[in-house]
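Student: Structure for this input, please:
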Amino acid sequence: MNTLLLVLAVTLVVALLWAAGVPRPKPAARGAGINPPSRWREDAADSLVAATYNIHSGKGLDGKRDLGRTAQMIAGADVAALQEVRAATRFGGGCQAEQIARANDKGWLFAPTQIRWLRDSRGNALITAFPVQEWHREPLVNVTGHRYRNLTTVRLRAGCRDLWVLFTHLHTRAGRDRQLRAVLERFANYEPAILLGDLNTTRTDPQLAAVLQHGAVDAVRQVLGDQDRDDRVDWIITKGVAIEAGGMRDVGVSDHPYFWVTIRF
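Tutor: A predicted model of the protein is given here:
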């Protein structure tokens, strides 16, 4: 009998540990304001620098994980959307979004996509010099049962103007087309607006092509011209603003390049 009880107890513990480690989607949430810097930028801004960067959890092509390098890459951005961001870990590692934001004295919003080991696991983040008036995080459809994704919409106050910023990271598996459709439909509701993120989609996708034919601008393509790559999956799409400048940096700090544009209202 004692042996049976021991087996049952061990089985229960194993089952509980397994359940705790299985990723579960992070539910929708909304709020007003985000984690602030020492001081928000509050000047009457006519322009700002927006960027997108898949940071690969801070791991470079040299195999080193160095968030200091990541923070330096986005230092010139007023608004930066980050993908593949890790939450604070159960082993004592702090939230990567917070570490990067504090290194640049900017505000930050972490948008976790899933819960694992009873904690927020990983997701996307927004680093901003301008205050956020409201935000809304919503899960995206998932037909694979794992690798959960979300879309976060924020309303920034840039000087005396509002700017809507949407950021996301879509997966590469079945259902990505449905995720993209949901993101583009949401983007269509706002102006002036910027869509930032790793869409895992190239410009040949018919859904993206349709949006770009009806008023939205591929800002990266506009600034890079012939230097842009046809297989690029990182996007800055704008509506209701002018594009003044921009660029790309690919120095091995991540497995993705860093993209940025200067927009003018």
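
Student: So what's the residue count around residue 151?
Tutor: Other residues near residue 151 come to 24 when the count uses other C-beta atoms under 10 Å. C-betas here are computed from N, CA, C, even on glycine.

Student: beta partners for the closest residue to it other than its chain neighbours?
Tutor: Nearest non-adjacent residue to residue 151, counting by C-beta to C-beta, 6 or more residues apart in numbering: residue 168, 4.5 Å away. According to DSSP bridges, the residues that bridge with residue 168 are residue 151, residue 197.

Student: Same question for residue 59.
Tutor: Counting by DSSP bridges, the residues bridging with residue 59 are residue 65.

Student: how much space between residue 50 and residue 23?
Tutor: Here residue 50 is placed at a distance of 30 Å from residue 23 (C-beta to C-beta, to the nearest Å).

Student: quick one: which of the two has more around it?
Tutor: Taking other C-beta under 10 Å, residue 50 and residue 23 do not tie; residue 50 has more neighbours (26 against 16).

Student: I figured the more buried one hits residue 197, correct?
Tutor: No - counting by C-beta atoms under 8 Å, no contact exists between residue 50 and residue 197, whose distance comes to 11.5 Å.

Student: about what we covered before: measure the residue nearest to residue 151 to residue 153 for me?
Tutor: With distances taken as C-beta to C-beta, residue 168 is found 10 Å from residue 153.

Student: cool, and residue 201?
Tutor: Separation of residue 201 from residue 153 (C-beta to C-beta) stands at 19 Å.

Student: The residue lying closest to residue 250 once chain neighbours are set aside: what's it in contact with?
Tutor: If you skip the residues right next to it in sequence, residue 250 has residue 257 as its closest partner in space, 3.8 Å away by C-beta to C-beta, 6+ apart. Contacts for residue 257 (C-beta atoms under 8 Å, 6 or more residues apart in numbering) come out as 234, 248, 249, 250.
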